[in-house]
Structures are given as structure tokens and as C-alpha cells.
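Enquirer: Dropping a prediction and its sequence here:
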Amino acid sequence: MRALRAWLGGNSAAVLALFFLVALFTLALMAPLIAPYVPTAQNLGNTLAEPSWQHWMGTDDLGRDVLSRLIHGAPASLFASLLAVGVATAIGVPVGLLAGFLGGWVDDAISRVIDTLLSFPGIVLAIGVTGALGIGLTNAMLAVGIVFAPGLARLMRAQTLVVKQELYVDASRCFGASLSRILLKHVMPNAVQPVIVQVTLLLAVALLAEASLSFLGLGVQPPQPSWGGMLARAYNYMELAPEQMYAPGIAILLTALAFNTLGEALRQALDPTRRRR
Amino acid sequence: MLANAPRLMLVGRRLVQFVPVIVLATFVVFGLLKLVPGDLAATLAGEYATEERIAQIRESYGLNDPFLVQYGRWLWNAMQLDLSRSFQSNEPVLEQIMHRFPTTMLLVVGALLVSLVVGVPLGILAATNAGSRLDVAVTSLSSFGVALPNFWLAMILVATFSLSWGWFPATGAVRFGADPAGAIWHAVLPSIALAAGGIAEVVRQLRSALIEILSSQYVRTLYAKGLSPSAILWKHGLKNVAVTLLTVIGLLASRLLGGAVVIEAVFAIPGMGSMVVRAAIVKDFPVVQGVVFTMVILVIAINLMIDLLYTIVDPRVALK
């Protein structure tokens, strides 16, 4: 416990965030075992019920258990965030590494593409891709990942530019190491730290993007539960049962906050010059 | 001297640099249509179309031509402000966009103003009291702002200020041209909801930039000269963060446009955002393409403008 806290730069909030995320991932993986009801089971005789011993968070407009839907919504949100950020990392890191290391016209061309893609409003492009490929969470999050990739590539490129000046890179080149060995063994491990921080922060952005898309009806499709989708339903019954919108909203807020807190703590823990702040 | 030679050269160079960006961006937008799986003509023709009807559609949309020819034709038309017609209503897409454009822009500009008016003072307060309780409070609040789903905040605002207290209208919008006061009245809650993330971004960026400047060598020299802290802040500190502020505004332009899409859905505002969402659901591709195109060109234009403003705010940029 103490070691964990020390690793995160003595930041108690970050430890709390980490525990929250571990608990949430466990919950997501074991959702069918933990949730008290089947999330799509309707009971039209008991709609928009207040919290009770049978239904801890009440029921929604079709009499479905809110707590169960909240638990079953976690896997979709987490999977979506990981998918989008995974795609962004798989594209952004190698591209940035190559641009920074090779320089010259390769760098010029890649940098121009990065500048272009950075001017796309992410969610609008995701909506466009969803419209073309067909509505569904996977397509939408692939698009979000592609929109995130240039940011990561730009960061990786900047780091690579610094690291490739180091003596040990020259040394390994003198020893006749291959390009792939220099990149993978020497440049990447020393340049990747800020990228790890950025990836953690992007998880929060991706989570919010998924929630927005599901809210708009372009992500997770009903009757499958999702936090954004639950808010969309709650919106329709806002005058009748305003309390319906609190649980899913708080779930999104806390998860995004946890990713951000962890990312900020990593930034400080990994950066020796800013340890004071 | 606004129009000296190096600045004009820089403006020219920037404009030239933006040409490939625009070509590439339009290429991506056009490529969206090519993502549609299967035969686009068959999709367009509907479920019970005959072979002849499909062939006719393929011919009339030029789908038999090679990809680059189709792209070239599309770009040529787009440059002449012809963004094709909606599959649904058969109205010209550009006309529909122009009709909705002012509503969305009112929202985005409103949110930008709220972000700056709230964010700048908070950022200055936090930076000048770095490490204090006030700083911790402002910083934590901005962490919340970044993590807050804007459409959820919008719902809370509607539930509180519209449904419970009746201060503001819950949904809809009024055209600015028809009734400016009513338009602003309708835009208050959506702008605030949209601005939450913007405020947080302004606070974070301004705070860290100002802290860096206030702890720099030359500010220490100014203290040694005997200048008061407020004189240093107003005369030297803020002048130097103007560049940071411009960068943030550029960043926010793209983010607020994206956020407006979701916020418009909550408030049932007939803007470009609700237009693109509905078009995506009913597969009205020209409309989707047109809105993405308009927003990307808008963001690129804003960034170009900001690049040029850099040279006015910070003359060193022009000399590089």
C-alpha cells in the first residue's frame, strides 16, 4: 500500500483512483455474477420506482433494475475506451517514432498529415464514420481512435527527436545495431513515458466520447445497457422522474475523473523536474 | 506597422502551407462515402429497387468513374459551393447548412465567451496564489470540469433552471436575425453546458503558462528593480500569456464545435449538430459529408487566423 502510494508520487487521490478503476474493471468482468437482475428484464407493473430493498437504485421506465443496468453498462464503456485508445496507440506510436527518428521528407509528410487530422472535430468525424459504416459501438470507437492517433504521434515524434540525440543511440549505431533494434531497444523505451501519461488521459476523453455517442443513439444500441443510453432514456422522463439521470451521470463522471487523476499523478511521478508542483 | 515585409511573407507562407491541409482534409471527408460497405447505388435505391433503377442511380451520381475522378469532381463542386443535395429532402445541402449555421455559431461563440470570462480570472487567481488553498480549489474544480459529461450537465441545468424554476426555456432556439434577445435567451443554458470543459481547459493552460513566466529569470529581475507584484502581473505576465490564450482558443474552437453536436441534441436546437446526427441515423450521406466538410474548413480557417494573430501579439514569431 505504502509502496503503491510512493510510486504514484505520494498522491493519495491517485491511489484512490487506481482502486476505483480496479474495482470497476472487476465489476465489468463479473457483471452477470454481481448484478442482482437481468439488465433487460422488464416489469411493466413496476416502472420508474423509487429505490427500495428489491431495487437499490429503483427501476427505469420499463421497470428494469437501474443498478443491474448500471453494472452491465460498465463493460461497454470500458471496452469502448480501451478500443479507441488502443487503436490510437497502435497507429500513433510507431508513426511518431518513425517521423521523429528518420526526419527529412518522411517527417515533413507525416507532420502535415498530423496537422490535418488534428483539425477534425473528433466526435463529428466519428459520427460521419458511423453514418457510413453503419451504427454500432465498434465502428464509432475505431473512428475516435483514428482521431486520437495524430495527437499521440505528435507527442511521440517530439520525444523521439530528443532521445535520438543521446549518446547511447549513437553508440549502438556505431556497434552496427539494426534500425529496428535501435528503435525498439533504445529510443522507444526512453521516449514513451509522456505517451503513457497521455494514453491514460485519453481513456477519459474516449469514455466521454462513447457516452456522448450512445446518448445520441449512435453507440451501444438498446436494449443493451450503456451509461450514455441510460441518460438518453432518463432525458425523456426528466419531468416525471428527474432522479433517473443521477446514477449513470455520476458513473461517467467518476470514471473519467479516475482516469484523469491517475494520468496527472503519473505525469508528476514520471517527470523528475516537476516533482514539487 | 502591420503590413511590413516579413509579416506579409509569413502570411503568404502560412496560406501556402494550408493548401495541402485543405486538400488532405477534403480527401478524408470524401473518403467517408467510400467506407459505405457494399454497393452505394443499391443502398441509395432502397430495398425494392430494380436493376435498371440501380444502374440509373450509379450513372447519375457518377459512381462508375474511377475514385480520383469522383474526388476531383466532388472537390470542384465543393469549391463552387455546391455540396450536392440531401437524399431525404432533395434540398441543396449548402442551403440547409447555411440556414442552421448561425444557430450553432451563436452557441459556440457563447460557450467560448463563457469559457474565457470565467476561466481567465480563475486561471490568474490560481497562478498568482500557486500552492494556496484557493489554487487547490480552482485546480480540483477544473479537474471536475474536464471529466464532466457536458450533456449530463445540460440535463441538470434543464431540470433545475427550466423545469423547476422556469428561468430559461428548456428546449428550442430562436433565429438571431429574427429576435436577437430571444436567441441569446435560448442560448444561455446550452452555452454554459458547453463551456464547462472549456473553462477547465482555459484555467489549466493559463495557470501553468503564467506560473512558468512568473518564476522566470526576467520576472525576478523586475522584482529586483522594485516593481510591484501587480505591475509585473499586468504589464509583463499577461502580455506573455496572450500567446497561450490564443493557442487555447484554437484548441477550443474544434472541441466546442464537436461538443455542440451533443448539446444541440439535449436542447433540441435545430443547428448543424442535430442535422448531422439525424443524417447519420437515416444514412443521408451528402448531409453528413457537408457538415463534416463545413466544420473542418471552419476549424482550419480559425487556426489560420490564430497563426496570423500570433505574429501581431508576439513579433518574434514573424522573424523566425
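Expert: Thanks, I have it.

Enquirer: When you work out contacts or count neighbours from here on, use the C-alpha atoms and nothing else.
Expert: Noted.

Enquirer: Next one, pLDDT for the closest residue in space to residue B:199 that isn't next to it in sequence please.
Expert: Among residues not flanking residue B:199 along the chain, residue B:115 sits closest, at 4.2 Å (C-alpha to C-alpha, 6 or more residues apart in numbering or on different chains). Note on residue B:115: pLDDT of 93.

Enquirer: tell me, how many neighbours does residue B:296 end up with?
Expert: Using other C-alpha atoms under 10 Å in any protein chain shown, residue B:296 is surrounded by 26 other residues.

Enquirer: that older thread, please report how far the residue nearest to residue B:199 lies from residue B:206.
Expert: Distance of residue B:115 to residue B:206, given as C-alpha to C-alpha, to the nearest Å: 12 Å.

Enquirer: do residue A:136 as well
Expert: 38 Å.

Enquirer: buried residues in whatever helix or strand residue B:257 lives in?
Expert: According to DSSP states H and E, residue B:257 maps onto helix B:238-266. Residues of helix B:238-266 classed as buried by neighbour count (16 or more other C-alpha atoms under 10 Å in any protein chain shown): B:238, B:240-266.

Enquirer: now do stretch B:213-230
Expert: Quick answer for stretch B:213-230 (16+ other C-alpha under 10 Å): B:213, B:214, B:219.

Enquirer: Same question for stretch A:228-242.
Expert: By neighbour count on 16+ other C-alpha under 10 Å, the buried set for stretch A:228-242 is A:228, A:229, A:230, A:231, A:232, A:234, A:235, A:237, A:238, A:241, A:242.

Enquirer: so which of the residues you listed also contact chain B?
Expert: On the criterion C-alpha under 8 Å from any C-alpha of the partner chain, A:231, A:235, A:238, A:242 are the entries of these that sit beside chain B.

Enquirer: Could you report the distance from the residue nearest to the first one when sequence neighbours are not counted to residue A:256?
Expert: Read it as residue A:231. Among residues not flanking residue A:231 along the chain, residue A:245 sits closest, at 5.7 Å (C-alpha to C-alpha, 6+ apart). Separation of residue A:245 from residue A:256 (C-alpha to C-alpha): 17 Å.

Enquirer: So which of these two has more stuff around it?
Expert: The residue with more neighbours, out of residue A:245 and residue A:256, is residue A:256; 27 against 21, by other C-alpha under 10 Å.

Enquirer: Wasn't the more buried one part of a helix?
Expert: Yes - secondary structure of residue A:256 (DSSP: H, G, I helix; E, B strand; the rest coil): part of a helix.

Enquirer: for it, what are its contacts?
Expert: A:203, A:204, A:205, A:207, A:208, B:147, B:148 (C-alpha atoms under 8 Å, 6 or more residues apart in numbering or on different chains).

Enquirer: Let me have those residues in TSV, extended by pLDDT, secondary structure and neighbour count.
Expert: Below are the contacts of residue A:256 laid out as TSV (pLDDT from 0 to 100; DSSP: H, G, I helix; E, B strand; the rest coil; neighbours: other C-alpha atoms under 10 Å in any protein chain shown):
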residue	pLDDT	secondary structure	neighbour count
A:203	92	helix	25
A:204	91	helix	27
A:205	90	helix	23
A:207	91	helix	29
A:208	91	helix	25
B:147	89	helix	25
B:148	90	coil	22
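
Enquirer: Where does the stretch 51-200 of chain A get nearest to chain B, which residue?
Expert: Chain B sits closest to residue A:131 of the stretch 51-200 of chain A, with a gap of 4.1 Å, by C-alpha to the nearest C-alpha.

Enquirer: Now that residue: closest residue in space, sequence neighbours ignored.
Expert: Using C-alpha to C-alpha, 6+ apart, the nearest residue to residue A:131 is residue B:280, at 4.1 Å.

Enquirer: same question, residue B:157
Expert: Residue nearest to residue B:157 in three dimensions, not counting chain neighbours: residue B:189, with 6.8 Å by C-alpha to C-alpha, 6+ apart.

Enquirer: Show me the contact partners of the helix or strand harbouring residue A:27.
Expert: Residue A:27 belongs to helix A:12-29 when assigned by DSSP H and E. With C-alpha under 8 Å, 6+ apart as the contact definition, helix A:12-29 has outside contacts at A:4-5, A:8, A:34, A:71-72, A:74-75, A:78, A:255, A:257-259, A:261-262, A:265.

Enquirer: same question, stretch A:92-99
Expert: The contact list for stretch A:92-99, computed with C-alpha under 8 Å, 6+ apart, reads A:106-108, A:110-111, A:149-158, A:160, A:183, A:188.

Enquirer: Just the buried ones out of those residues, please.
Expert: Buried among the contacts of stretch A:92-99 by 16+ other C-alpha under 10 Å: A:107, A:110-111, A:149-158, A:160, A:183, A:188.

Enquirer: Worst mean pLDDT across the helices and strands of chain B, which element?
Expert: Ranked by mean pLDDT, DSSP states H and E, the weakest helix or strand in chain B is helix B:315-319, scoring a mean of 61.

Enquirer: returning to what we had before: name the helices or strands packed onto the helix holding residue B:257?
Expert: helix A:122-133, helix A:193-216, helix B:93-128, helix B:150-157, helix B:180-214, helix B:272-282, helix B:285-313 (3 or more C-alpha pairs under 8 Å, 6 or more residues apart in numbering or on different chains; DSSP states H and E).

Enquirer: Which among those is found nearest to residue A:52?
Expert: Among the helices and strands packed on helix B:238-266, the nearest to residue A:52 by C-alpha to C-alpha is helix B:150-157 (23.8 Å).
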